[in-house]
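> What shape does this take:
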Amino acid sequence: MPTANVKALAESSREKLKSAIDVLETFLNRNALPQLTGEDASEEAVAVHAGLLSDLRHLLVFSEVAYEKLGAILRRPNFDQKSAERALYEVYHHCVNAYFYPKNEGYSEDGRYAYTGQDAIRFRAKPGRAVRDVVLGISRAFEELREDLTYYESEYLIQCRMQGQSK
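So this is what the prediction gives:
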């Protein structure tokens, strides 16, 4: 991929990560498990919300690390294409996958809704409004990242293997 394209992709990916980071950080700084579940919540509701919060914290950390890494690459006087490609692969591998495949499976993507204009994210159990809003609020950024970076899901690894490098 030409250097100009990689640089533009790194810049746009960094901007999308920043928008998701802002939403996640604000939400996680203002909310705790007792606030989200209420005092008379069932064990299942507490478990679902705890899993969702854990997944969102992981997503925030992965996104912040990728955001900083892309920033460092973009600030260098000479753009390092190989480092940028590796960072973009990591954005896809860690951030996009962490969003669409959360460890605690509090939600998942239902592909049948992806092209209908409806939200493709389906929750395992009904979460509080604040949790639902934040997960759906960042979905656009991660959908766009996934579309932009699908190349790095497989092609980057194939390219590295052909050149005898480890990822």
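
> so how many other residues sit close to D110?
D110: 12 surrounding residues under other CB atoms under 10 Å. Heads up, the C-betas are built off the backbone N, CA and C, glycines and all.

> The closest residue to it other than its chain neighbours bridge partners, please.
Nearest in space to D110, with sequence neighbours left out and distances taken as CB to CB, 6 or more residues apart in numbering, is R122 at 4.7 Å. Beta-bridge partners recorded for R122 (DSSP bridges): S108.

> In contact with R122, which residues?
Y107, S108, E109, D110, Y113 (CB atoms under 8 Å, 6 or more residues apart in numbering).

> quick one: which of these is nearest to D80?
Lowest distance from D80 to the contacts of R122 (CB to CB) belongs to E109, with 33.2 Å.

> For stretch 74-83, buried residues please.
Across stretch 74-83, burial judged by 16 or more other CB atoms under 10 Å covers Q81, S83.

> Could I have the CA atoms of it written out in CSV?
What follows is stretch 74-83, C-alpha atoms only, in CSV (Å, rounded to 0.1, in the frame of the first residue of the first chain):
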residue,chain,number,x,y,z
LEU,A,74,2.7,10.3,12.9
ARG,A,75,4.8,12.8,14.9
ARG,A,76,8.1,11.3,13.6
PRO,A,77,9.9,13.5,11.1
ASN,A,78,10.2,10.5,8.7
PHE,A,79,7.0,8.5,8.4
ASP,A,80,7.8,4.8,9.1
GLN,A,81,5.4,2.8,6.9
LYS,A,82,6.2,-0.6,8.5
SER,A,83,5.6,0.7,12.0
